[in-house]
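**Student:** sharing a model that was predicted from the sequence below.
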Amino acid sequence: MTEEDFLEEVAAAEGELIDDYVAGRLSGDERARFEGHFLSTDARRRQLKFTQTLSRYANAPAAALAAPASARGAAARTFGERLRGFWGGLTPALRAGVALAALAVIVCALWLARPAAPQRFVALTLAVGAGDRAEGVRAPGVRLPLGADALKLTLTLPEGAAPAARYRAELQGERGRAEEVEVVGQDARAVTVVVPESRLARGRYFLRLSDAGGDGRRVATYFFDAQ
């Protein structure tokens, strides 16, 4: 394979990745990660703008391109042909710059496609009201740092409580404001929530579980200490 063939393949791979972005075929998370990495330099933003311009031209209605025969011929060419024509008109220095940008895009694409690392949890089961100072019972606790990515709390539902279709959980420290935490599982006996370690500091925490349905009723309150 010659150097020119290699550079053409790199340019084609770059065009396909950016075309997926321009066409909206990336998921929300992939778009955010793509923008955070690929668009980190002015050169890459110019490259994306160029591709967006070509994409708009390639998808323009036939009437907008109707003109002399030469213009109609240009409109009939495929996106790949126009890209190759553009590539052929670049100087060696510009080709080298585009090739480096393409390699960066490929590395970024591989990074986006890599499987996410599994999360590590510290598990804790909480009963309704256990640890309420008014009851005089010591609250369950965890030690910081957790040595894991998050705290997974299993919230035992009150006996005889009517189950909800969906639950909402809010976590609040003794001197902080309530913040919603992710509900990752539920059944007839318990609800499971996850609290990232980054949201924990030493102190007493209140976790309020409510029905996320129509009435928003409070189901139960739970307590635990981070030590």
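**Tutor:** Sure, I can see it.
**Student:** alpha carbons only for contacts and neighbour counts from here, please
**Tutor:** OK.
**Student:** tell me where this protein has helices.
**Tutor:** Using DSSP state H, the helices assigned to the chain run over residues 3-22, 28-38, 42-58, 62-65, 69-76, 79-88, 92-113.
**Student:** pLDDT score for the nearest residue to Tyr205 once chain neighbours are set aside?
**Tutor:** Nearest residue to Tyr205, sequence neighbours excluded (CA to CA, 6 or more residues apart in numbering): Gly173, at 4.5 Å. In this prediction, Gly173 carries a pLDDT score of 86.
**Student:** ok, Gly173 - contacts?
**Tutor:** For Gly173, the contacting residues are Gly203, Arg204, Tyr205, Phe206, by CA atoms under 8 Å, 6 or more residues apart in numbering.
**Student:** among the residues you listed, who's most crowded?
**Tutor:** In terms of neighbour count, Tyr205 stands highest of the contacts of Gly173 at 22 neighbours, by other CA atoms under 10 Å.
**Student:** my guess is that residue meets Arg175, correct?
**Tutor:** No. Counting by CA atoms under 8 Å, Arg175 is not a contact partner of Tyr205; they are 9.5 Å apart.
**Student:** hang on, the earlier thing: so which of the contacts of Gly173 belong to strands?
**Tutor:** Judged by DSSP state E, the subset of these located in strands is Gly203, Arg204, Tyr205, Phe206.
**Student:** farthest-apart pair in those residues, please.
**Tutor:** Greatest spatial distance among the ones in strands among the contacts of Gly173 (CA to CA): Gly203 and Phe206, at 10.2 Å.
**Student:** now the common contact residues for those two.
**Tutor:** Applying CA under 8 Å, 6+ apart, one finds that Gly203 and Phe206 are jointly contacted by Gly173, Glu174.
**Student:** ok, Pro158 to Arg120 distance?
**Tutor:** 28 Å (CA to CA, to the nearest Å).
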